[in-house]
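>>> A predicted structure for the sequence below; I have some questions about it.
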Protein chains: 2
Amino acid sequence: MRVVIVGGGVAGLKAALDLHSQGIEIVLLEARERLGGRILTDRTGLTAYDLGASWAHDTLTNELFDEMVADGDYELYYDDMKPYLVGENFSNDDFHRLKIEQVANEITKFIELREFSSLDIEDQSLQDVVKEYLDKQGKLLTSEQAEYAPQFVRHLELWHGIGWEEMSSKFSLVDNVGRNCLIRSGYDHLIQKMVDKLPKECLKTKQVVTRVEKSRVVVVQTADGNIYSGDYLVCTVPQSLLQLAAPNAGAIEWIPSLPERITGPLRKMGYGKLGKVVLEFESPFWSHLEYDRFLGISSPTTTTEKSVWNHPVLILNMFYISKVPSLVCFIQGRITEHLERNPHLAWEYFQPLLRKLGPLPLAPTNVIATSWTIDPFARGSYAACRPGDDPTDVIINLERGFGNVRFAGEHTILDGAGAVHGAWMSGKREAKYILKNL
Amino acid sequence: MRVVIVGGGVAGLKAALDLHSQGIEIVLLEARERLGGRILTDRTGLTAYDLGASWAHDTLTNELFDEMVADGDYELYYDDMKPYLVGENFSNDDFHRLKIEQVANEITKFIELREFSSLDIEDQSLQDVVKEYLDKQGKLLTSEQAEYAPQFVRHLELWHGIGWEEMSSKFSLVDNVGRNCLIRSGYDHLIQKMVDKLPKECLKTKQVVTRVEKSRVVVVQTADGNIYSGDYLVCTVPQSLLQLAAPNAGAIEWIPSLPERITGPLRKMGYGKLGKVVLEFESPFWSHLEYDRFLGISSPTTTTEKSVWNHPVLILNMFYISKVPSLVCFIQGRITEHLERNPHLAWEYFQPLLRKLGPLPLAPTNVIATSWTIDPFARGSYAACRPGDDPTDVIINLERGFGNVRFAGEHTILDGAGAVHGAWMSGKREAKYILKNL
């Protein structure tokens, strides 16, 4: 009995661990030189920066989080203060006086009502449904509220990694089951602890899987011509790669083809582009040091696509969180693509917003940017829904699997979708499935 | 065709209006000298004070609110700023630094999970379920959070009018469908507008109904021996009176008895005691004038029952809302009973808390207190759930009615339960029922 696992992120490692601990022979194939997948902690700067996943979500029901807490070896920090709001023409106090957050909460409720009160209503973009709200309730708002509450709602772009104009309204709302907790000491400790429990010879990096032939056994071929075979395959590559046709780099040729019940729904799913830019300085130039986060509110009238005022920005104040003079800026969609390709333009991009926080220095001492959109083995951040997309079909069919070809990862599970604990649970699920079907 | 309506609150008046406008002969019997029921606006002070209902709730789906907005004759104000928090040992800034609201939100989520994830879990008091939460998550909280977040959660007492120790956890959470809007110019305008559309001779005050005899016609007898009869009866007396056995003042003797399917569930429902005390001053002694509301956070260790630090208090800053130097203080349960019986003790009761807001004057210039708990035709504020209570049974059976005996009021409807628009919709519903069954 032998299981081939494709992908060395948290889903693949969890499946590997649970199978290995039950005496099953495993081999895990990772395309990159490193393990961890979309958990990637940068340790070249002033502190640990998680360039991939950085939070534990749903901490009331998050089994992985419970284990990490019991472990005691992680520094945890709930970064859930009210963020300090920064606008082009309005201050934090202005935004509070205008009560844009209260109106934004009502918009959220409006979306909930719209999407769940009637089963056959057509899904629209978040932007369009906000317009619907304004048509109905706009007369009860001040002009500033009507202009800026929608911009506040756009903070959801930084959850999903896509712009509100291309975001499903129905799946835009985030229901946090408990507080969100930053893994301040770096999520890579989780990966390291998992790797340490597995025999080194089972973990094979730089193995780019190009072809899977499925029969009673599953035969896997890599770009270098290596062949691995097993009774089961657990495929944990990101949804973006499952959606990709061979011979694109990172794509897998399936023989026989994956069934239409899997490929059909996959064609109809989007993929997010959440990015981060770390800016380090000699000392903090910004005031409001008592806030753990800043939220840049976009301007309703800015038309320059690549202006920072045209998009929401979430900024972690690392001086508060980790006592180092740096800011971690969250971006999405086309701006992520732009700045990941051109990290040297990041400082210029953020300047108009950062200037509102204090007198700017000449330049940051260090810039660290993510590269998920240019990474051929990621092609973005995580699954995201455009209007009309329905993740349920994809998830149900990937959970069901394809005989001895199994799937795991953040895109294959409902509870914890898009999150580390979801990926982890899906790896656990597949190990359990295989053990049950021995 | 003639309909007798018992109770001249918003439910009874709405039923009367809708029937009258269709040419049905109606007579409305009100026990008090005044109409309006639990809408009661005091106009003896510096501004209009609503001693009964004061908000429009669920304003995204509130048909009555839509009519009031279209009418244009009401002054509306969304009093949904973040309240300024006042504690015995902590300031507003302290509470924000401690993030007690964030923890309280997690407690809310915990309750939601507990009550709705498992269908057969036993309902407990809000206080006990908060203890359950602390058992599970307490290790992740600071000691101040573990002490004060539960006290913050107790603001729910001021929604339901009962203490957390006697409050159903399952029905404690409030799902606001849209922002809450204060009717700043007074809710009595709504009553007046309804009354103005009805012939005076149909509206009979000081008619205390003591006996209802139901056969093909319904014969109603009052304490003064008056007899009214109709093809239908619409009974809109508060739930507290339906729960009362004759010969208590305000109770109705039903012949034949109301069926067990109505009286059984009624026996198992609680009734809230929300109260208000208006304190007027020569000028505002309090600072933080830029806040529309203050929220008194109780202390976890205070044991004196009648200390203001033993209970949550919501205070409307009327200097912000209506430019007059007064405060409207919301209380619940036994404190409402205490202060409604002894309004002269109110100033002393609130002093320790008010002192935190500024240097106190010798005394208020005027005190106006509600008297719902001592009013024999109210006996409290509105329906409330104790642990194990289920309002659904009561509502379903009162909605169904008892042949030509119909029921309306805040306690007879699911959407808008406990609120003005719920009562109004239930009156509309019964008029429609009768018109359909002509």
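Nice, I can see it.
>>> domain ranges for chain A?
A:2-41+A:186-268+A:384-437, A:42-60+A:72-81+A:271-369, A:93-171 (the TED database).
>>> quick one: the second one near chain B?
Same thing as domain A:42-60+A:72-81+A:271-369. Yes - legend: contact between domain A:42-60+A:72-81+A:271-369 and chain B by C-beta under 8 Å from any C-beta of the partner chain is shown at A:59-60, A:76, A:78, A:80-81. Every C-beta, even on glycine, is put in place using the N, C-alpha and C of the backbone.
>>> for the helix or strand where A:Cys329 lies, packing partners?
Assigning secondary structure by DSSP states H and E places A:Cys329 in strand A:326-331. When contacts are defined as 3 or more C-beta pairs under 8 Å, 6 or more residues apart in numbering or on different chains; DSSP states H and E, strand A:326-331 sits against strand A:275-280, strand A:313-317, helix A:318-321, helix A:346-354.
>>> ok, now with 7 Å
Counting contacts by 3 or more C-beta pairs under 7 Å, 6 or more residues apart in numbering or on different chains; DSSP states H and E, strand A:326-331 is packed against strand A:275-280, strand A:313-317, helix A:318-321.
>>> what angle do the longest one and strand A:326-331 make?
Regarding strand A:275-280 and strand A:326-331, their directions subtend 160 degrees when assessed with axes from the mean of the first three to the mean of the last three C-alpha atoms, to 10 degrees.
>>> note down every partner strand of the helix or strand immediately after strand A:275-280 in the chain and its orientation.
Moving toward the C-terminus from strand A:275-280, the next helix or strand (DSSP H and E) is strand A:293-296. Next to strand A:293-296 in the sheet, as set by DSSP bridges, lie strand A:84-86 (parallel), strand A:313-317 (antiparallel).
>>> so which of these is the most packed in?
strand A:313-317 (a mean of 24; mean count of other C-beta atoms under 10 Å in any protein chain shown).
>>> re the thing from before, pairing partners for the strand holding A:Cys329, with directions?
Short version: by DSSP bridges, strand A:326-331 pairs with strand A:275-280 (antiparallel), strand A:313-317 (antiparallel).
>>> state the mean pLDDT of the first one.
In other words, strand A:275-280. Strand A:275-280 comes out with an average pLDDT of 98.
>>> re earlier: quick one: distance of the helix or strand that the strand holding A:Cys329 is followed by to the chain centre.
Sequence order places helix A:333-341 as the next helix or strand after strand A:326-331, per DSSP H and E. Relative to its chain's centre, helix A:333-341 lies at 15 Å (C-alpha atoms, centre = their mean, to the nearest Å).
>>> packing partners for helix A:333-341?
Looks like helix A:333-341 contacts strand A:275-280 (3+ C-beta pairs under 7 Å, 6+ apart).
>>> the residue in chain A sticking out farthest from the centre and chain B, how far apart?
Ranked by distance from the centre of chain A (C-alpha atoms, centre = their mean), the top residue is A:Lys139, with 36.8 Å. Counting by C-beta to the nearest C-beta, to the nearest Å, the gap from A:Lys139 to chain B is 7 Å.
>>> quick check: closest non-adjacent residue to A:Ser257.
Leaving aside its sequence neighbours, A:Ser257 sits nearest to A:Thr263 (C-beta to C-beta, 6 or more residues apart in numbering or on different chains; 7.3 Å).
>>> and for the particular helix or strand that has that neighbour in it, what are the contacting residues?
Using DSSP H and E, A:Thr263 sits in helix A:260-267. Here helix A:260-267 makes contact (C-beta atoms under 7 Å, 6 or more residues apart in numbering or on different chains) with A:242-243, A:393-394, A:397-398, A:402.
>>> helix, strand, or coil at A:Arg211?
strand (DSSP: H, G, I helix; E, B strand; the rest coil).
>>> what count of nearby residues applies to it?
16 (other C-beta atoms under 10 Å in any protein chain shown).
>>> please apply the same query to A:Asp390.
Around A:Asp390 there are 15 other residues, counting by other C-beta under 10 Å.
>>> that one and chain B, how far apart?
Distance from A:Asp390 to chain B, by C-beta to the nearest C-beta: 23 Å.
>>> just A:Gly264 next, same as before
Distance, A:Gly264 to chain B, by C-beta to the nearest C-beta: 32 Å.
>>> neighbours around that residue, how many?
A:Gly264 is flanked by 13 other residues according to other C-beta under 10 Å.
>>> could you do A:Arg216 as well?
Close neighbours of A:Arg216, defined as other C-beta under 10 Å, add up to 7.
>>> three-state assignment of it?
Of the three states, A:Arg216 takes coil under three-state DSSP.
>>> could you pull up phi and psi at it?
Dihedral angles of A:Arg216 (phi, psi; degrees, to the nearest 10) stand at phi -60, psi -40.
>>> residue contacts, it?
So A:Arg216 contacts nothing (C-beta under 7 Å, 6+ apart).
>>> kindly recompute the last result at 8 Å.
Under the criterion of C-beta atoms under 8 Å, 6 or more residues apart in numbering or on different chains, the neighbours of A:Arg216 are A:Asn404.
>>> distance of it relative to B:Asp123?
53 Å (C-beta to C-beta, to the nearest Å).
>>> ok, A:Leu60 next?
Relative to B:Asp123, and taking C-beta to C-beta, A:Leu60 is found at 19 Å.
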